[in-house]
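1. Quick one, fold the following:
(3 chains)
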Amino acid sequence: MNIFSFKTLLSVFFFICLSLTLILSFLNYEIPSWLWLVDLGGLLAFFSYYTIKKRMLAYVCKRILGALFTLFIIATVTFVLLRTLPGGPFDQEKTLPPEIKANIEAKYHLDRPLMYQYGYYLSGLVQGDMGESYKYIGRNISSIMAETLPISIQLGIYALILSYLLGIPFGVLAASRQNTWADRTLMVGAISGVSLPSFLVAPLLILFFCFYLDWFETALWEGPSYYILPLLVLGTRPVSFIARLTRASVLEVIQSDYVRTAKAKGLHHWTVLYKHVLKNSFLPVLTFSGPLIAGILTGSFIVEHIFAIPGMAKHLVNSVTNRDYPLILGATLIYSVVLIFSNLVVDLLYSHFDPRIRLS
Amino acid sequence: MKKESPLSKNKKSNNSLWHESYRRFKKNRLGVVCAFFILFICLISLFPETLSPYSFEEQFEGKELLPPGKGHLLGTDNLGRDLLSRLIYGGRISMAVGVFTALISLILGVAYGAVSGWMGGKVDAFMMRSIDILYSIPSLVLLILVKVIFDSLSIITHPELKALMGILVALSLVGWVTLARVVRGQVLQEKEKLYVEAARSLGDKGWRIVFRHVLPNILGPIIVLLTLQIPSNILFESFLSFLGLGLQPPYSSWGVLAEEGWKSLRSYPHLMIAPGVAIFFTMMAFNLMGDGLRDAFDPKSPQSG
Amino acid sequence: MFYYLNIVLLCLSLSLASCFKKKQSKQDELPLQDTLRFNISTEPPTLDWSKATDTTSSLIVDNVMDGLLDYDSSKGSLKLKPALAEKWSSTPDSKTWTFTIRKDVKWNDGKEFKASHVLDGWERLLNPKTASEYAYFLYPIKNARAYSEGKIKDFSKVGVSVNEQGQLVVELEEGKSYFPYFVTHTSTYPIRKDIIEIHGDSWTDPKNIVTLGAYNLKVWEHDKSIILERNTNYYNQAAKIKNILIHIIPESGTALNLFEKGRLDAIRDLPSRELPVLRKRKEYRSHPILATYYYGINVEQKPFDDVRVRKAFNMAIDRKKITDLLKGDQIPLTGWIPGNLLGYDSSLGLNFNPEKARELMDEAGYKDRSTFPRVVISYNTHEDHKRVAEKVQAQLKKHLGIQVELSNEEWKTYLQSLKTGRQQIYRMGWVADYPDPDNFMTLMTSYSENNHTNWGSGRYDALVEEAGVLSNERERVKLYMEAQKILVEEEVPVIPIYSSQSHWLISDRVAVFPLNIMGKVSFKEVQLR
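-> Next up, the predicted model:
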């Protein structure tokens, strides 16, 4: 392989840009727009090049069409479920006089038959309009999402990276030292990571790191020293999860014949581990990334709430308690899009790492 | 290995599989300790009145917010109720939530997964597609919706059942999906195996094969999943409490207690520590036992000493 | 090989990162010595004061805008003081009110403030197209209701106009001596129609909004923070502190943490479970607010159709024990009107008397308590409501020997159940819209939408209506006392529990922080040390 080929240089450049973006965003530095462009363009180019080269265009198109159908079903189901909920968006402690309620309902078309409202909502959706929030008067759902989603994604991506960065080495270490004290400690540690609700973990960490050690900030979202605790809280579960998964799959690979052969050839322990084991045991870890991302998204509600982070997850919960129908629908759809999209990416990566898999 | 007819191998291996697994599990000391711990918790949950010093709702006036000490081993909460008693009765509810939701999701998941895997083809495709959709609806929204709808039902009047119903349904609805997927995968694998072919050639009809032969063969992984489902249900219940969608009082669970305690961590740490510790060790026990069982049931997995 | 390459590349990008500059947030530029840091618990739903209904929105609006009149917080009472109106007067029957508008007031875009801006605001508030929830605030004005219902299309028929002297003249349907209180409310503030027409819904964005209050809205980062900056052209005495930085923090425990870390100067709505300890601190302040907490009884359901049972329940509840439990300085309430308000009398109502309560139960035919029907107390899910309900449950069991059940519902579900009248005993609260007993007394009239007890008394209705139009304070008090006697001593469809308090932690940095009984926070009067 020629290190100085155009392709290699391009991917090196792209890699630098991507990690630079991550680092800058973590340090709360300004990210110039060209960097965003390069990142997005690079990702897009990578996936389109890859899909065309592997002749998976049809597959990707099929998945996207399927996703659209899924989204339609989700919108419908959620719409119907919402209307079965007791209580309406404008019910309040102080009951409104009927004529004022009528004015409000007329404004939001809530006085029309349900089918009309449903059609109205869908037709708006097709044109990319998710409607106006009932609670945050005059604000578009799209603008609410545009402001809060990036922060949730930022938080989610950090947590995801943290879970791979810590979870995989831990898992490999535990597996390669199977049944030693290191293995036991790591695994018991991993299990204890999933053994406490995060709303208990968070205040304990705050007490220890912010009040006892005085290292980090207790809340808000303004820079690295603000990011670390929420990340730790959000990351504990995925890290434990990944570590346990990695350990199991590494163990399985270690006992396979080709690894034994490699070892018999006299290759160094770590070389074998890196060259043969890691790549193959990465696959199961990758498969579970979909549910992992879903878990991170769900878990971020507590973290956003306790650390006062202006992300999207709280709208997912609060909009239901406020009966803010357009906001619930919008947040649900966005959540589903993120989930479906990341599942697609995971599947594509999967076929990349395991050429035996043919997606169709 | 001796050659045997496929059917008898099935029967025999079935028995020896259990035996072998039991033997292997017994060797895992940590797992056994955890199993006993869980047994202990279960016993307390079944007979809370034997250990609990007071009633869980009795309010001792003038004894509010006592720190742990004599008389009240774990202290009292702000209504003057004995924390230890509340912890014991709360554990009963938490365990009930964990076990029953796991059972409900088990029944749903196994039935769905078995049908989907066994039928295959278009039915399978359709059923999996529906699961995907259900999976994409944020569980949070689903939980809240189901909880609210079920709590507002006035059909159920039995107080304890009413308090539990919403949570049971909400959690089961979210939990069964994973189980269904795993069971389907297992059934797909087993379908191709020789013993199924043999059973068929002996004249067994489809569903009979599923119940008599396939399901017993995949019982191991299912049990493992079940033991792992219980702790995650207990945790999820506490999450619901955090959202304010927890149980109806006066019943409380560990989740409710932890949520109450969390709010006063700085002034009265004992209110959070007690339920926190209870949750922590029970989760650990379930997870470690689950791991042990997995190692025991999965012949491929390495012998753990 | 690739592994090392990756590490090298990572280091490279790390060193590259140092070439970039740090994101400048607007908060960093605020000098600490001239900034008050405060928190609110939710994103304000809107800053459009014709549409805002919640306390968070009002808090911001109140500081960037002024109304015709204002509460005089220096007197600590509910006295009014001039704001945009320098004088106000009424005819003796309190039916026609005249407000003389100040001439020297300018909006912060330089335009002069006129009485017509008030008119515009009121038109917009009442206009059915605006669909404002607080439109009913102006219903006392002649024809206002009809305009809001769309029955009248012509706004000039509504009883509000500007006369030749530039005064605002308001004509009411019937006399209301407390009408001036209405024009202190955010929903009645003047607006700039021209600005709203240009920008539409986004007129409340910092770059568009035009205001005239002591502060200007400088930054509004949704869900995150709001920055207010002193209005140097304010017509009244300018604010003492230049910048107000308001963080949006949903969890009270989080706010407390930030306060402990010196990141916030004042917090309110303290975590109620920490109150027993927090109240011992020197930063702790509490003050009464005009809000009541009560249980309503559905008088149509058995066994509460019997007034003796209602009285017994009322007497079996020891309110002192409840406020002791909450430890928030709440004041036990047996009457209906809360303290600090006209018509409050601590001797009103049924006092805690378990023997009498038991006698009443016996009289009502429940000598054998096991024959007493199943009774449910409902409340909306909230830790404080839960604690109160659990205490009440224990007290009823102890003093009456009756085991009641508790049922909590999520807020909106709860409201729905209230409407359908399923509940037997329900928890509710009332926060004053305007500081007049009328606001509390009309709540329990037979035709009030907020009266979920199904109880109604013509005598009570008549007394409240009569008192509402009187202007003589002493006579009004007399009528309200009589009406309250019906409500809390004779018929008892309600069990008042306590009147609420607001709790604060205010740091040593702050020298002056006026606390207001209406719950208003006026930043312009705050001073730092």
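
2. what about the helices in the stretch 201-350 of chain A?
-> A:224-254, A:257-264, A:269-272, A:279-287, A:289-306, A:313-322, A:325-353 (DSSP state H, counting those that start in this stretch).

3. ok, and which of those helices has the densest surroundings?
-> helix A:313-322 (a mean of 24; mean count of other C-beta atoms under 10 Å in any protein chain shown). In short, each C-beta sits where N, CA and C put it, glycine included.

4. related to what we said a few turns ago, go through the helices of the stretch 201-350 of chain A and name the closest to residue C:477.
-> helix A:313-322 (40.1 Å; C-beta to C-beta).

5. can you list contacts of the closest one?
-> With C-beta atoms under 8 Å, 6 or more residues apart in numbering or on different chains as the test, helix A:313-322 has contacts from A:85, A:89, A:134-135, A:144, A:148, A:152, A:297-298, A:300-301, A:303-305, A:324, A:327-328, A:331-332, A:335, B:138, B:140-141, B:144-145, B:243, C:223, C:250, C:410-412.

6. mind redoing it with 6 Å?
-> Outside of helix A:313-322, the residues within contact range by C-beta atoms under 6 Å, 6 or more residues apart in numbering or on different chains are A:135, A:152, A:300-301, A:304, A:327-328, A:331, B:140, B:144.

7. and the two most separated of the residues you listed?
-> The span of those, defined through C-beta to C-beta, is set by A:135 and A:300 at 20.5 Å.

8. Compare the helices of the stretch 201-350 of chain A and give me the one nearest residue C:299.
-> Here helix A:313-322 is closest among the helices of the stretch 201-350 of chain A (C-beta to C-beta), at 30.6 Å.

9. Could you check stretch A:21-37 against chain C for contacts?
-> Yes. Looking at stretch A:21-37 against chain C by C-beta under 6 Å from any C-beta of the partner chain, the contacts come from A:23-24, A:28-30.

10. are any of those buried, and which?
-> Neighbour counting with 16 or more other C-beta atoms under 10 Å in any protein chain shown marks A:23-24, A:28-29 as buried within those.

11. Could you list the single helix or strand in chain C with the lowest mean pLDDT?
-> Across the helices and strands of chain C, mean confidence by mean pLDDT, DSSP states H and E is lowest for helix C:2-17: a mean of 74.

12. which stretches of the stretch 1-150 of chain B form helices?
-> B:6-27, B:29-46, B:48-51, B:83-119, B:121-136, B:139-152.

13. Can you say which of the ones you listed is nearest to residue A:53?
-> Closest among the helices of the stretch 1-150 of chain B, using C-beta to C-beta: helix B:121-136, at 27.3 Å.

14. Check whether the closest one comes near chain A.
-> Yes. Helix B:121-136 reaches chain A (C-beta under 6 Å from any C-beta) through B:133, B:136.

15. coming back round to it: flag the least confident of the contacts of helix A:313-322.
-> Ranked by pLDDT, these bottom out at residue B:140, which scores 66.

16. Closest to chain B out of the buried ones among the residues of stretch A:21-37 next to chain C?
-> residue A:28 (28.8 Å; C-beta to the nearest C-beta).

17. so what's the closest one up against?
-> With C-beta under 6 Å, 6+ apart, residue A:28 has these contacts: A:223, C:23.

18. residues in chain A within reach of chain B, list them.
-> Residues of chain A lying near chain B by C-beta under 6 Å from any C-beta: A:70, A:73-74, A:81, A:85-86, A:179, A:191, A:195-197, A:199-200, A:203, A:251, A:298, A:316, A:320, A:332, A:335-336, A:339.

19. and the stretch 101-250 of chain A, which residues reach chain C?
-> So the stretch 101-250 of chain A meets chain C at A:103-104, A:107, A:135-138, A:147, A:218-219 (C-beta under 6 Å from any C-beta).

20. can you pull the buried residues of the least confident helix or strand of chain C?
-> C:9-10, C:13, C:17.

21. now do stretch C:47-55
-> Using 16+ other C-beta under 10 Å as the test for burial, stretch C:47-55 gives C:47-53, C:55.

22. Check stretch A:125-143 too.
-> A:125, A:130-141.

23. Let me see the residues that make contact with it.
-> Residues contacting stretch A:125-143 (C-beta under 6 Å, 6+ apart): A:89, A:124, A:322, A:324, A:326-327, A:330, C:45-46, C:51, C:201.

24. Mind putting those into TSV with distance to residue B:186?
-> Conversion of these to TSV gives the following (distance: C-beta to C-beta, whole Å):
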residue	distance to residue B:186
A:89	45
A:124	44
A:322	43
A:324	42
A:326	42
A:327	40
A:330	38
C:45	50
C:46	54
C:51	57
C:201	55
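
25. Go ahead and list the helix or strand containing residue 145.
-> Went with chain A since none was named. In the assignment (DSSP states H and E), residue A:145 maps to helix A:141-176.

26. think we crossed wires, I meant chain C
-> Assigned by DSSP H and E, residue C:145 falls in helix C:144-149.

27. If you average the pLDDT over the helix or strand following that helix, what comes out?
-> Next helix or strand after helix C:144-149 toward the C-terminus (DSSP H and E): strand C:160-162. Mean pLDDT, strand C:160-162: 93.

28. could you say what helices and strands strand C:160-162 packs with?
-> Packing contacts for strand C:160-162, counted by 3 or more C-beta pairs under 6 Å, 6 or more residues apart in numbering or on different chains; DSSP states H and E, involve helix C:115-126, strand C:168-171.

29. Comparing these, which comes out most buried?
-> Mean neighbour counts for those (mean count of other C-beta under 10 Å) peak at helix C:115-126, with a mean of 22.
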